[in-house]
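S.K.: The sequence and its predicted three-dimensional model are supplied below.
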Amino acid sequence: MAIQSLLHKVAEHLNPVLKNSKFKETGVLTPEEFVLAGDYLVFKCPTWSWAPGNPNKRREYLPADKQFLITRNVPCLRRAEQMVFGLDDGLEQVGDDGWVSAYAGHKGVSAHDDDDIEEIGDIEDSDVQIPSAKEIERLTKGVEEVEISTNEKDLDTPLGQATEENEEEIEDIPSDIEDIPDIDDELEGLDSVEDSDPAAAEATNASASQPDAEAAGEVEDKILRTRTYDISITYDKYYQTPRVWLFGYDEQGKPLTTRQIFEDISEDHAKKTVTIETHPHLGVQQASIHPCKHAHVMKKIIERAVDSGRREIRVDQYLVIFLKFMSSVLPTIEYDYTMSTDI
Amino acid sequence: MSRILQFEPFSSNVEPEFWAGLAHHKLHSAQLDTTRTSVQAGFVGGRRHAVRGSTAGEVAQRVAVPARLRVSQSGAWGSSSNGNDDGGGLGAHSGVVAVSGYLYNTNTIEEFKKHDKGELLRSVGGEILQAIRDGRATLEPELLWPFVLLSFADLKKYHFYHWFGFPAVTADPPDTFESMTGITSYVEDAADLDVLRAAYAGYAKARGGALDGAFLVRYQPGAERVWQMYPLAEWDSAFEEGSGGQTRCETMLAFVDPSSHATRPGWPLRNLLTWMRNAHAGVSQIRVLCFRDASICLAKQRSSVSDPALSAVFESIVVNVNVTAAADLKSAGQVSGWERNERDKLAPRMVNLSSTMDPVRLAESAL
């Protein structure tokens, strides 16, 4: 892992910046096209924004204030596992999106592509014709299956270790907190101050305000506590594609462990294409979807769109489509890739 | 009938870079010094999140999410070499209301435990009252919202014990409200909401791009300028009589509301009402606009802004508040606001970042 990661860094350093547009032929992007596609994404989905990152880690081939894209506080309600096994009854019926059928191993589902696209429904943006999640699922599945054998071992090794360490950490945490049990006792005085504060809404007890709400004829509103993710997209100079990074927080805002993050990544990808590496602009370790297949998949999606006679995909729509593709890897993270899905 | 006004507390959200910065600061500049350090955070206007229905036909719901105060590394360690101005992406342009807080980083777990928490909040609460009395808070409303962060960094294990406090000067008896309405039913014409968003963007721009967390708004439907914004200091002109016999001309106290809860304004309103109580003692009733979703508001001007899904301005609420007069307060200077932990107790939290900060692993992947 270390060596592979280091080699990638060196290779990225030596690899010349891509100058000429090749996105239709090979699915890769130049830095200029990345900026163009990023601008389009920010325009379409204002929850995404450009970030300058740490000046020490600035990449010269990107504008100083447009080093990477980030969206914060993205909710994630369910675990991907629930979707895989259909534990969530409701999801089992979402066959249209192909989540369940794809994971259940019904690879040969012979739904007609065009039908799928008619059914997307959640994409109202008339000028972007995006393949359905199902179609992308099939495309990516093929890719993974062909190439896994070369990468599986390398990618599995470090992640396996990380998981073991996390197991220990999970056991550690409660005992560490028990080390300071008297902290509650010391706060008796403070406790009473807080408890006698009728204006402080109970954070989790949403029913506290129920009588009021009912009196006002309003529906009771609850605060939904979910896992949240900060998702960023960087430009990977070696693979010449966007690259997705994840940092997760649990329902109380505590950082997620690697193992917990894996719960939110589809099982097909979790242990194969996700690595834990240092974020190029933020300098902390984050989970990243390894970009080695991205260009290939994007090329297929673009070709498919052209073949089926739809409007040609413009380069500035690349990231919107890319994020649609990512939603098959991150099925439960409700990030914003088209405005209309955010309704 | 008036009811007690309840507020949605802040929910702290710390970027991992912040802890990395703290570790660096502790090792290289602060060392054993435990005097408080200034740290930066920010909040954005509340925005309900869409949750897809669990069945195919079900319409996505928009649900309230916690009101986050996000602490990032940006500007936090100004004196150290690790500091940078905009590393965390906080900035006026992104619709963030920047607030300052105080970090009390202790050297040992015992110190952390023994620190007098009540006194800590009271002292910062006293500073807030001082800023109100000498008029600084009127010019810089952000001074109403300092936060405190008591911490102990176990740098051998990369364990960070911490406890956030969001000091709120409490009112006893508490402030009450008469009525609360969504802004869509408050305005006469839905198109006015587009104008509101544009007016706020224009106001923020005129104020040098920095977001005013609190301001005054005058609503005059049908007038040439339907919405007019004023800084808190221009109270008198904001409440001047409307010109030209408009049927309706209402001035409201407004703030960028991090809450997305339908009936609870966010925490910043608490100290803003304390400001009201002191700076405008004669006013016992005030209409408050809980302005939500400033970030979207400042995004590029968009074509289809009237779609409710695109902007949470539509989720803003208007509350008629009865402010308890300062003279009627039973006790002055009570301050509350320690954050509850993951078990809903008034107790500290701990984050374990050994997996993301282990220097061996970082060195491996560093170029």
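M.R.: Received the coordinates, thanks.
S.K.: Bridged to residue A:245, which residues?
M.R.: On the basis of DSSP bridges, residue A:245 is bridged to residue A:232, residue A:288.
S.K.: That one and residue A:291 touch, don't they?
M.R.: No. Judged on Cβ atoms under 8 Å, residue A:245 makes no contact with residue A:291 at a distance of 10.7 Å. The C-beta positions use only the backbone N, C-alpha and C, and glycine is treated the same way.
S.K.: quick one: which of these two has more around it?
M.R.: Each of residue A:245 and residue A:291 has its neighbours counted (other Cβ atoms under 10 Å in any protein chain shown); residue A:245 has more, 24 against 19.
S.K.: For that one, give me its contacts.
M.R.: A:231-234, A:279, A:286-288 (Cβ atoms under 8 Å, 6 or more residues apart in numbering or on different chains).
S.K.: So it versus chain B, what's the distance?
M.R.: To chain B, residue A:245 is 12 Å away according to Cβ to the nearest Cβ, to the nearest Å.
S.K.: Return the distance of that residue relative to residue B:30.
M.R.: Between residue A:245 and residue B:30 the distance is 30 Å, computed by Cβ to Cβ, to the nearest Å.
S.K.: Chain neighbours aside, what residue packs nearest to residue A:28?
M.R.: In this structure, residue A:28 finds its nearest non-sequential neighbour in residue A:240, 3.8 Å apart by Cβ to Cβ, 6 or more residues apart in numbering or on different chains.
S.K.: which secondary element of chain B has the worst mean pLDDT?
M.R.: Counting by mean pLDDT, DSSP states H and E, chain B has its least confident helix or strand at helix B:294-298, which shows a mean of 56.
S.K.: Tell me the first helix or strand C-terminal of that one.
M.R.: Later in the chain than helix B:294-298, the nearest helix or strand by DSSP states H and E is strand B:317-322.
S.K.: Can you name every helix or strand that that following strand contacts?
M.R.: strand B:176-182, helix B:183-186, strand B:285-291 (3 or more Cβ pairs under 8 Å, 6 or more residues apart in numbering or on different chains; DSSP states H and E).
S.K.: Just the buried residues of the second one, please?
M.R.: Pointing back at helix B:183-186 there. B:183, B:186 (16 or more other Cβ atoms under 10 Å in any protein chain shown).
S.K.: And the next helix or strand past that helix?
M.R.: The element immediately downstream of helix B:183-186 (helix or strand, assigned by DSSP H and E) is helix B:191-206.
S.K.: Let me know whether the strand or helix carrying residue A:324 sits next to chain B.
M.R.: Here residue A:324 sits within helix A:318-329, counting by DSSP H and E. No. Helix A:318-329 lies out of reach of chain B by Cβ under 8 Å from any Cβ of the partner chain, never closer than 11.2 Å.
S.K.: ok, residue B:207 touching residue B:231?
M.R.: Yes. If you go by Cβ under 8 Å, residue B:207 and residue B:231 touch, sitting 7.3 Å apart.
S.K.: neighbour count winner among the two?
M.R.: A count of neighbours by other Cβ under 10 Å puts residue B:231 above the other of residue B:207 and residue B:231, at 17 against 14.
S.K.: Spit out the contact partners of that one.
M.R.: Residue B:231 sits next to B:139, B:207, B:212, B:215-216 when contact means Cβ under 8 Å, 6+ apart.
S.K.: can you check residue B:129 too?
M.R.: Counting by Cβ under 8 Å, 6+ apart, residue B:129 touches B:169, B:274, B:278, B:333.
S.K.: host element of the closest residue to the first one other than its chain neighbours?
M.R.: If I follow you right, that is residue B:169. With sequence-adjacent residues excluded and distances taken as Cβ to Cβ, 6+ apart, residue B:169 is closest to residue B:274, at 4.5 Å. Using DSSP H and E, residue B:274 falls within helix B:268-279.
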